[in-house]
Structures are given as C-alpha cells and as structure tokens.
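Novice: Whatever this is, show me its structure:
(chains A and B)
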Amino acid sequence: MTATALIRLSLTDFRSYEACALELDGRPVWLAGPNGAGKTNLLEAVSFLIPGRGLRGSGLAEVGRRMPGEKVGRAWAVSALVRAGDDEVRLGTGVEQPGAARRIVRVDGEPAPPGRLAEHVRQVWLTPAQDRLFLEGAADRRRFFDRLVFAAEPQHAAHVAAYEKSMRERMRLLTDGPADPAWLDALEARLAEAGTLMAEARARTLAALAAEIGTRGERPFPQARLSLTGDWERMAGEGVDFAEIEARLAKALAAARERDGAAGRALTGPHRGDLSVIHAEKDRAAAECSTGEQKALILNLVLAQAARLARAEGQPAPLLLLDEVAAHLDSRRRAALFDEIEALGLQAFLTGTDEMLFEGLAGRAQGFRAETSGLASIG
Amino acid sequence: MAASAGPEIERLIGLLSKLPGLGPRSARRAALALLKRREQLLLPLSDALSEAAARVKTCQVCGSLDTQDPCAICADPARDGTLICVVEEVGALWAMERAGAFRGRYHVLGGLLSALDGVGPDALRIGPLVSRAAEEGVREVILALPATVDGQTTAHYLADRLAGAGVSVTMLARGVPVGGELDWLDDGTIAQAMRARRPA
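Specialist: A predicted model of the protein is given here:
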C-alpha cells in the first residue's frame, strides 16, 4: 500500500492522554469505548498534524492536559511518523510552555512553519458537530465547505484569513465614523483580491465534487446535487474572468459602505456564500431529509472529496477522520462505508461507542479499545 | 518570583525585560552577565546608552535615526535624489542598506495602516512623503513594504495618495527567493511568482 499513512503516533499531555504511543500498519484504525474515554481526543491529536486549530477548533492552551489545581493546560505534543510510498517523514507539533498560544512544528526534527505540514498530510473529517449542518446557519456550512476546499488547496486558508482580516479592518473604519476614502479603497482592493481567490477556489472544488459524485455510480449513499448560492462563487463557476470578478467585488463593496456601516457588517462578498445540497433521488433540500439521510449526504460529500484527493498526483493522500459516524448508518451503509474506505486505500480513523459497530472491518483494520486507563489493541 | 536582589538590580531586570526578544528569565540572565562583567560590559554599555540618548535623533527628512539631522544618507550628495524607497521601520532601512542594492534615499513610515490597532494615516509619516515626492527632481517612489495584509493595504493607500505627485510608484517584486528551490516554496509564493514572471 502506498497511500499516506501514520505508522506511529505519540501523544504527550494531550487532553486526557498523559502519554500514549500507537504503532499502526497503514490500515484503517477504529477506536471503540464509552463516552469520555478519549476517542475524539485521539482524532483531534491527528487533526493537529495539518495547519489550523484541529477538528474541535480549540485554542492551543485548552488542548494541554490539566490536572486538578492547574490553571492552564500543560505543554503538549503530538508526534507522528508518516509513511508515503517508500518515504517516511517525522512530524511533530505542540506548545513549549504551559498555556502557550503559539504552536511549534517540526518536520524531521527541524523547526518549520505550520504551513509545511500540508505538504505531508491532508485530511478530511466528519464530526458530530456537523450533524446539524443543514439545519443551522450558513456560516457552519461555509466553514465545512471551506475545509473541503482547504484539503485540496491549502493556500485557501491564507486567502480566507487575509479576507477576514481586511473585512474587520474595513468594518472598524466604517463604524468609527468618517473614514478616509482612500484607506477604504485600499482595504476593499485587498478584500476583492482575496475574495475572488476564495470564490474561485470554492467554485473549483464544487465542480470537482459534483463531477466526482456524478461518476461514482451505484452506491447506497444518497446522491447529492450541489450548488454554491453566493453571487461571487456563481460568477467564478460560470468562468467569469478573475479581473472582472475582482473589479465587480471592489465596486460592490465601495457602493455598500454606508449600508454596511449602518448594519455593522458587510452585506456582500464571499463571506456570505452558502452551500446548497439537494437529495437528488428525492429531489428535496437536505434540510427536509431525515437526520440519517442528512448524515449520509454529508458523508457522501466527504468521501467524494477523499476519493478525489486520493487520486491527486504528487500530493499526499488524505487521512479520513470519521468521529461517531458508524453509529448513524444502517448496517448496509456501514458495510458500504467500510468497503469504500478499503477500496480507496486510505487510512481512516473511526470512532464509536460499541465494538460491534466495527465487526465488518474484522481483518481489514486495526482496532483499539479506549478506556480511561488508555488504549488497548484488539487486533 | 520573589525579589532575590536589591531594588537597583530588580529595576535593571525590569527594564531589560521590556526589550524585544527578552522575557523575565532572559532579562535576569542578561542582568547577571552585565553585573559579573562590570568593566567589559556594564560600564561600556552604560556609556553607549547615555551617548545614544544624547546624540541620536530622528532625521527630519526621512525619519531614520542618526546622530546628525538630516541623516548621513539624506545629506550624502552621492545618493540618487530622484529615487525614494519607502520602508515600514528603520530596521527595514538597515536591511536594504546591508543588501547594498539601492543608492537612492529613504522614507521611514513609522508603521503600517491598521484600523484594528488604531493606526491611521495621521499616525504615519505620509504627509511628508507626499510633499517629498512632489519636490523637483523626484522620479520614482519604491514601496518596500511587507507582503502582509497590512503591508499591502498600506502600499495601495500610498499609491493612491501619490497618484497626483507626478512620480512613478513601484513595489518590490514578490516571488522566488534567491537560491530558492521551487519544490520547497509554498503554493502562494509560486502562484505569485508565476503572475509576476518577466521576459528571460
């Protein structure tokens, strides 16, 4: 097997783990155990092997293990040996001081900026926090979709960060009273540039995902029709020229200053975009489908992105983190999920409260039982 | 930490710990090193500090630091007065001088625009820059500002403010560093270098 996989993972003072080391063989990994036994913590540790704030979106200081009486989390570390083909690379990350807010990263022992991690590991994940994705506000769906974009194009995160910073700067100027128009022009130029890059990246991922879903044939997961409802993503999807979108976005922002200032937020731009998902067979919006169907729709998106990234030449194959996913699926879909993971040849990390959920993976995966005392291998 | 030294030493440590790059621990080590090497370090440092405090001033023309005003660069007739290179702080000016690639004059802004940090155009030396650019003989203003959101916003703002001054406004190129291997560059830098390509 040549796909990117963690073959050793060790945690130090990370959440509930004082010290934990796992030897892995590249096959999928499942973790079973009661609530609070540390299953999600392990997935979170894996999620720190890419840039960002992990799958819980936590502050770095919260992640360190804290004993009663300790005010801040301890210095923590996650280290992994990553195998890709015949190559191995050692990644390490963590904080050096208790409560520190700056994360350090090492690649083969050398200090490196966090962005370097994306050259070695990519990830897509699905967590219970996303269960209500179609019922909650657009912000959650945007964040979910941006994660999928980021897995394919790591620089998307930098564009989103530049956009959000410029947007906060512009809002401050608009709400603080008479603002220098040239200063606003300058900020809106930044917004238009970063915003167009964002919209184009989203449109690219959407087109690729739609194509992927369309060609995947008979599977027991509901087919989804996807669209991005924001004006700017739609323009990008229709192939409007970069400079044209950028100019129109800058113009729209300049025209909206007074309105945005009164509203206290920017009313146009890619930060307002939304993802629309239609259950294709039923021709119904995802929000109108049952909870189980919604979960299966999201899972299908995540699997489609994983399949796409797994084929990408010259880039690390993604790790698939599926937290409490198996329990939501009926046995037919669960079996199909396991078959698909195996067919993709990806290292997936799955959690569930009951070992029985993973019976279908017997012989095809490594299983661990999570207990308050630590992890025990069960073959 | 309990005070283990006298008030004079604590005061020294307190002041040292305010220096960039030094925390309370390293300030303690620095203070100890100074006190142990009184003749070689402490007294010469003390003299250097007094002398710097008495003699270093801000150049009224470019905003740099020197013992003379105008500074040595502004006063040097051999420097090309038709070129003005705009930098964020004096540290960037020193970096440009180390590189030795620029023979014009400088303009130190004293920061970058940042609404969230409360730094507006009035807090920066923008008015004097516009006046200098409009002076007889100035041909080009080069914006050598960081490739961050604040740096690029400030560059855009300055380009706008300088539009009427009758000078060409340019920016430093962004892209492949000298001696850089392409496969070690991040994607954003490669994309930028591709956009900024030029005839070979």
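
Novice: In the chain, which strand is the longest?
Specialist: Because you didn't say which chain, this covers chain A. Longest strand of chain A, by residue count under DSSP state E: strand A:5-14.

Novice: not what I meant, chain B
Specialist: strand B:80-87.

Novice: Pull the residues that contact it.
Specialist: By Cβ atoms under 8 Å, 6 or more residues apart in numbering or on different chains, the residues outside strand B:80-87 that reach it are B:93, B:96, B:102-109, B:129, B:132-133, B:137-145, B:158. For glycine as for every other residue, the C-beta is placed from the backbone atoms N, C-alpha and C.

Novice: Which positions within it qualify as buried?
Specialist: Neighbour-count burial for strand B:80-87, counted by 16 or more other Cβ atoms under 10 Å in any protein chain shown, picks out B:81, B:83-87.

Novice: and residue 79, what is it in contact with?
Specialist: All of this refers to chain A. By Cβ under 8 Å, 6+ apart, the contact set of residue A:79 is A:9-10, A:12, A:90-93.

Novice: should've been chain B
Specialist: Taking Cβ under 8 Å, 6+ apart as the definition, contacts of residue B:79 comprise B:73, B:103-105.

Novice: From residue B:105, how far off is residue B:77?
Specialist: According to Cβ to Cβ, to the nearest Å, residue B:77 stands 11 Å off from residue B:105.

Novice: quick one, which of those two is more surrounded?
Specialist: residue B:105 (22 against 5; other Cβ atoms under 10 Å in any protein chain shown).

Novice: helix, strand or coil for the more buried one?
Specialist: strand (DSSP: H, G, I helix; E, B strand; the rest coil).

Novice: Local confidence estimate at residue 37?
Specialist: In the absence of a named chain, this looks at chain A. Per-residue confidence (pLDDT) for residue A:37: 90.

Novice: wrong chain, I was asking about chain B
Specialist: 95.

Novice: Neighbours of it, how many?
Specialist: By other Cβ under 10 Å, the residues close to residue B:37 number 13.

Novice: Can you pull the phi and psi angles for it?
Specialist: Residue B:37 has phi and psi values of phi -120, psi 60 when expressed as degrees, to the nearest 10.

Novice: Would you mind measuring from it to residue B:147?
Specialist: Distance of residue B:37 to residue B:147, given as Cβ to Cβ: 41 Å.

Novice: Equivalent analysis for residue A:15, please.
Specialist: 36 Å.

Novice: out of the two, which sits in the more crowded spot?
Specialist: Between residue A:15 and residue B:147, counted using other Cβ under 10 Å, residue A:15 has the larger neighbour count: 20 against 13.

Novice: Write out the residues of chain A neighbouring chain B.
Specialist: Counting by Cβ under 8 Å from any Cβ of the partner chain, the positions of chain A adjacent to chain B are A:115, A:153-155, A:158, A:162, A:165-166, A:168-170, A:172-173, A:176, A:180, A:182-183, A:185-187, A:189-190.

Novice: In this model residue A:304 seems to touch residue A:212, though I could be wrong.
Specialist: Yes - counting by Cβ atoms under 8 Å, residue A:212 touches residue A:304, with 4.3 Å between them.

Novice: Give the residue from the two that has the larger number of neighbours.
Specialist: When neighbours are counted by other Cβ under 10 Å, residue A:212 and residue A:304 differ, and residue A:304 comes out ahead with 24 against 19.

Novice: Could you check how far that one is from residue A:249?
Specialist: 29 Å.

Novice: where in chain A is pLDDT low?
Specialist: A:1-2, A:379 (pLDDT under 70).

Novice: what about the helices in it?
Specialist: Using DSSP state H, the helices of chain A run over A:39-47, A:60-63, A:138-152, A:156-175, A:181-214, A:231-237, A:242-255, A:257-263, A:291-311, A:331-344.

Novice: Please identify the deepest-packed of these.
Specialist: helix A:39-47 (a mean of 25; mean count of other Cβ atoms under 10 Å in any protein chain shown).

Novice: Tell me the helices and strands packed up against that helix.
Specialist: When contacts are defined as 3 or more Cβ pairs under 8 Å, 6 or more residues apart in numbering or on different chains; DSSP states H and E, helix A:39-47 packs onto strand A:5-14, strand A:17-23, strand A:29-32, strand A:77-84, strand A:122-126, strand A:318-322, strand A:348-352.

Novice: To residue A:232, which of those strands lies closest?
Specialist: When the helices and strands packed on helix A:39-47 are compared by Cβ to Cβ, strand A:122-126 sits nearest residue A:232, at 24.2 Å.

Novice: Which neighbours in the sheet does the closest one have, and how are they oriented?
Specialist: strand A:318-322 (parallel) (DSSP bridges).

Novice: any idea what sits nearest residue A:236, other than its immediate chain neighbours?
Specialist: Nearest residue to residue A:236, sequence neighbours excluded (Cβ to Cβ, 6 or more residues apart in numbering or on different chains): residue A:203, at 3.8 Å.

Novice: Next, work out how far apart the one you found and chain B are.
Specialist: As for residue A:203, its distance to chain B is 17 Å (criterion: Cβ to the nearest Cβ, to the nearest Å).

Novice: Can you tell me which residue sits nearest the middle of chain B?
Specialist: residue B:89 (2.3 Å; Cα atoms, centre = their mean).

Novice: all helices in chain B, in order from the N-terminus.
Specialist: B:7-16, B:24-36, B:43-55, B:72-75, B:90-99, B:126-134, B:149-161, B:187-195.

Novice: most neighbours per residue, which of those helices?
Specialist: Of all the helices of chain B, helix B:149-161 has the most neighbours on average by mean count of other Cβ under 10 Å, namely a mean of 22.

Novice: Report whether it contacts chain A.
Specialist: Yes - legend: contact between helix B:149-161 and chain A by Cβ under 8 Å from any Cβ is shown at B:149, B:152-157, B:160-161.

Novice: Get me the contact residues on chain B for chain A.
Specialist: Near chain A, when you scan chain B using Cβ under 8 Å from any Cβ, you find B:113-116, B:120-121, B:149, B:152-157, B:160-161, B:186-188, B:191.

Novice: 6 Å instead, please
Specialist: Neighbours of chain A within chain B, by Cβ under 6 Å from any Cβ of the partner chain: B:115-116, B:121, B:149, B:153, B:156-157, B:160, B:186-188.

Novice: give me phi/psi at residue B:89?
Specialist: phi -140, psi 170.

Novice: ok, for it, nearest residue in space, not its chain neighbours?
Specialist: Closest residue to residue B:89 apart from its sequence neighbours, by Cβ to Cβ, 6+ apart: residue B:108 at 6.5 Å.

Novice: dump the residue contacts of the one you found.
Specialist: Residue B:108 sits next to B:62-64, B:87, B:90 when contact means Cβ atoms under 6 Å, 6 or more residues apart in numbering or on different chains.

Novice: From these, pick the one nearest chain A.
Specialist: Nearest to chain A among the contacts of residue B:108: residue B:87, at 18.0 Å, using Cβ to the nearest Cβ.

Novice: Okay, and the beta partners of the closest one?
Specialist: residue B:108.
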